[in-house]
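Undergrad: Need a 3D model of the sequence below.
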Amino acid sequence: MRVLLSGIGTRGDVQPIVALAVELRERGHDVRLCVPPNFLDWVGGFGFDATPIGIAMREPRGGSAGTVPTPEQMREMVRHLVTNQFDVIASAMEGCELIVGGGAHQYAVRSIAESRGIPSVVALYAPVVLPSPDHAPGGEPGGDPVANMQRWADESRAWDQRFLELVNDNRRRLGLAPLSDVLNHVLSDEPWLAADPTLGPLPSTPGMRVVQTGAWILADEEPLEPALEEFVAAGAPPVYVGFGSMPADQAAGRTVVEAVRSVGRRVVLSRGWAELSLSDDADDVIAIGDVNQQALFPRVAAVVHHGGAGTTTTAARAGVPQVLVPMFSDQPYWGSRVRALGLGASVPRAELSVDSVASALRVALEPRVANRAAALAGDVKGDGAAVAARLLEREYA
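TA: A predicted model of the protein is given here:
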């Protein structure tokens with residue numbers, strides 16, 4: 001097969017697509033990739049010559065990360081992003097027989113596929129993205145089903161206000177009929193759910209046939225840097241702290257570090273996109289850049305993180321307790337699942353303090369939680385990308 005894979009967003013949105021690309025290539029298929037420009041070099045390290053799409057989500061240091069765009073600037077940015085997707089995907093998919101888009105903001109994938117008469121698949125990374133009476137948009141599981149569906153109707157109208165005209169303008173360029181509901185079009189009637197069924201079970205989805213493959217995990221064999229290896233081996237297992245691609249501030253990082261210290265643990269601080277820094281040079285903490293979480297997490301006492309799908313899954317597979325500090329999107333959902341499964345605790349970002357994080361850590365470090373995390377690790381599968389590749393072969397090869 002000749003397959004185009006599109007990943008748009010932060011590392012958590014792009015990495016699963018790369019995992020599927022590697023799996024498909026190993027099976028002998030011709031794979032093309034569209035990724036944001038800040039991931040081109042990283043993807044190139046896997047031997048893929050990718051096409052840039054969208055914007056670099058990571059603001060360069062010293063840039064305008066603190067400025068708030070005007071409403072007109074936001075409208076222009078959205079217009080550019082939607083049109084750019086149509087232009088880039090239409091060009092990159094020449095000769096392809098199938099398009100796979102990762103994430104809920106793939107505005108062009110289905111329209112381009114429709115215009116070329118080829119199939120497409122949209123894969124989502126969290127159950128909470130699926131319209132369901134079991135949860136509100138971006139919310140935790142539960143609540144009144146009727147009220148939840150009303151909120152989904154409101155969410156659909158909000159999508160139409162932001163994107164419908166733009167998507168229809170681009171569909172018109174392709175000679176396609178206009179849409180009346182952009183959210184349902186983007187998600188499709190048969191989306192795939194690239195999330196582990198133990199961590200993120202499939203909710204009820206009226207009107208949709210959802211295929212759950214399991215999480216698309218990119219294998220990582222990179223060894224730990226010598227300084228980190230030496231730090232980890234020098235004492236009792238430390239606590240990992242990191243917020244990934246989130247725009248956390250320095251105060252948040254220092255608050256969590258002090259909380260970890262207050263419960264008597266050493267700290268591995270991941271700088272992340274926020275470039276978190278240390279407040280002192282004490283020997284009980286080390287700051288690191290990008291790291292192989294698959295190698296590090298089995299050797300820590302707990303993982304404190306933002307609640308992204310990828311980090312939650314990696315920590316669960318490592319059998320290590322977690323403390324989540326959800327900020328937005330699907331992160332509150334993963335926090336609720338970690339609590340429900342007995343894998344740890346969560347602290348809302350608005351309630352972040354040394355005391356609140358320390359209290360959550362005491363829960364996560366209890367022997368019963370550590371034992372539960374270790375016992376559940378074997379239930380969290382790592383073969384989702386292989387499952388997805390086999391399905392693509394069966395359905396479309």
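Undergrad: just the strands in the stretch 201-350 of the chain please.
TA: With strands called from DSSP state E, counting those that start in this stretch, the stretch 201-350 of the chain shows them at 211-212, 239-242, 267-270, 285-288, 302-305, 322-324, 344-346.
Undergrad: quick one: buried residues of the last one?
TA: In other words, strand 344-346. Residues of strand 344-346 classed as buried by neighbour count (16 or more other C-beta atoms under 10 Å): 344, 345, 346. Where you see a C-beta, it was placed from the backbone N, CA and C, and this is true even at glycine.
Undergrad: just the second one next, same as before
TA: Of the residues in strand 239-242, those buried under the neighbour-count criterion (16+ other C-beta under 10 Å) are 239, 240, 241, 242.
Undergrad: Would you agree the first one is in contact with residue 267?
TA: Yes: using C-beta atoms under 8 Å, residue 239 makes contact with residue 267 at a distance of 5.8 Å.
Undergrad: which residues are common contacts for those two?
TA: residue 260 (C-beta atoms under 8 Å, 6 or more residues apart in numbering).
Undergrad: so can I have TSV of the buried residues of strand 344-346 showing distance to residue 3?
TA: Shown next, in TSV, are those (distance: C-beta to C-beta, whole Å):
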residue	distance to residue 3
344	37
345	41
346	37
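Undergrad: which residue packs closest to the residue of the chain most remote from its centre, ignoring adjacent ones?
TA: Taking C-alpha atoms, centre = their mean, the residue of the chain most remote from its mean C-alpha position is residue 175, at 33.4 Å. Nearest non-adjacent residue to residue 175, counting by C-beta to C-beta, 6 or more residues apart in numbering: residue 115, 7.0 Å away.
Undergrad: The one you found: neighbour count?
TA: By other C-beta atoms under 10 Å, the residues close to residue 115 number 16.
Undergrad: Which helix or strand contains it?
TA: According to DSSP states H and E, residue 115 maps onto helix 109-116.
Undergrad: Helix or strand next in line after that helix, which one?
TA: Trace forward from helix 109-116 with DSSP H and E and the next one is strand 120-124.
Undergrad: Just want the angle from that next one to helix 109-116.
TA: If you take axes from the mean of the first three to the mean of the last three C-alpha atoms, to 10 degrees, strand 120-124 sits at 180 degrees to helix 109-116.
Undergrad: List the contacts of residue 114.
TA: Residue 114 makes contact with 120, 174, 176, according to C-beta under 8 Å, 6+ apart.
Undergrad: State whether residue 99 is indeed within a strand.
TA: Yes: checked against DSSP: H, G, I helix; E, B strand; the rest coil, residue 99 lies within a strand.
Undergrad: which ones are touching it?
TA: Residue 99 is in contact with 3-6, 89, 93, 109, 112-113, 118-121, counting by C-beta under 8 Å, 6+ apart.
Undergrad: Kindly report the same for residue 187.
TA: Residues in contact with residue 187 (C-beta under 8 Å, 6+ apart) are 104, 122, 124, 129, 130, 131, 208.
Undergrad: Of the residues you listed, just say which sits nearest to residue 275.
TA: residue 104 (27.6 Å; C-beta to C-beta).
Undergrad: So what's the residue count around the residue nearest to that closest one when sequence neighbours are not counted?
TA: Nearest residue to residue 104, sequence neighbours excluded (C-beta to C-beta, 6+ apart): residue 129, at 5.1 Å. As a burial measure, residue 129 scores 21 neighbours (other C-beta under 10 Å).
Undergrad: Scan this protein for its longest helix.
TA: Using DSSP state H, we find that the single longest helix of the chain is helix 71-92.
Undergrad: Show me what that one is packed up against.
TA: Helix 71-92 sits against strand 2-7, strand 30-35, strand 51-52, helix 109-116, helix 165-173, with contacts defined as 3 or more C-beta pairs under 8 Å, 6 or more residues apart in numbering; DSSP states H and E.
Undergrad: low-scoring stretches of the chain, by residue?
TA: 57-68 (pLDDT under 70).
Undergrad: How is the chain divided into domains?
TA: Here the domain parsing of the chain from automatic domain parsing is 2-215+382-396, 226-379.
Undergrad: and the first one, how far from the chain's centre?
TA: Its chain's C-alpha centre lies 11 Å from the corresponding centre of domain 2-215+382-396 when counted by C-alpha atoms, centre = their mean, to the nearest Å.
Undergrad: Same question for the last one.
TA: Between the centre of domain 226-379 and the centre of its host chain there is 17 Å, according to C-alpha atoms, centre = their mean.
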